[in-house]
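**Q** coords below, sequence missing:
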C-alpha cells in the first residue's frame with residue numbers, strides 16, 4: 001500500500017475540483033482512484049457541516065447549479 005503525502009493530496013484535490021473525471025485526476029497526480037473519491041466525499045461532508053453551522057435557517061426558493 002502506498003501512502004500519499006500532504007502535497008500529493010492537495011494536488012489531487014485541486015485537480016479533482018477542476019476536473020470532471022476521477023480517472024484524469026488519478027493520472028495527473030498518481031493517486032489511487034479510491035483515494036480521490038474518498039477525499040471528495042470527506043471534503044463534501046466537511047463543506048456540508050460548515051454550511052450547516054454558519055448558515056442556519058436559510059430559506060431558499062430557487063437554486064441554480066452548474067454541471068458540478
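**A** Perfect, I can see it now. The model shown is predicted, which means the values in this text are computed figures rather than measured ones.
**Q** where's the residue nearest in space to the middle of the chain relative to residue 31, distance?
**A** For the chain, the residue lying nearest the average C-alpha position, counting by Cα atoms, centre = their mean, turns out to be residue 40 (3.1 Å). According to Cβ to Cβ, to the nearest Å, residue 40 stands 12 Å off from residue 31. Every residue, glycine included, has its C-beta placed from N, CA and C.
**Q** likewise residue 62?
**A** Plainly put, residue 62 is 37 Å away from residue 31 if you go by Cβ to Cβ.
**Q** higher neighbour count, those two?
**A** A side-by-side neighbour count of residue 62 and residue 31, using other Cβ atoms under 10 Å, places residue 31 first with 22 against 4.
**Q** Read off the pLDDT value for the nearest residue to that one once chain neighbours are set aside.
**A** Among residues not flanking residue 31 along the chain, residue 12 sits closest, at 4.4 Å (Cβ to Cβ, 6 or more residues apart in numbering). Residue 12 carries a pLDDT value of 74.
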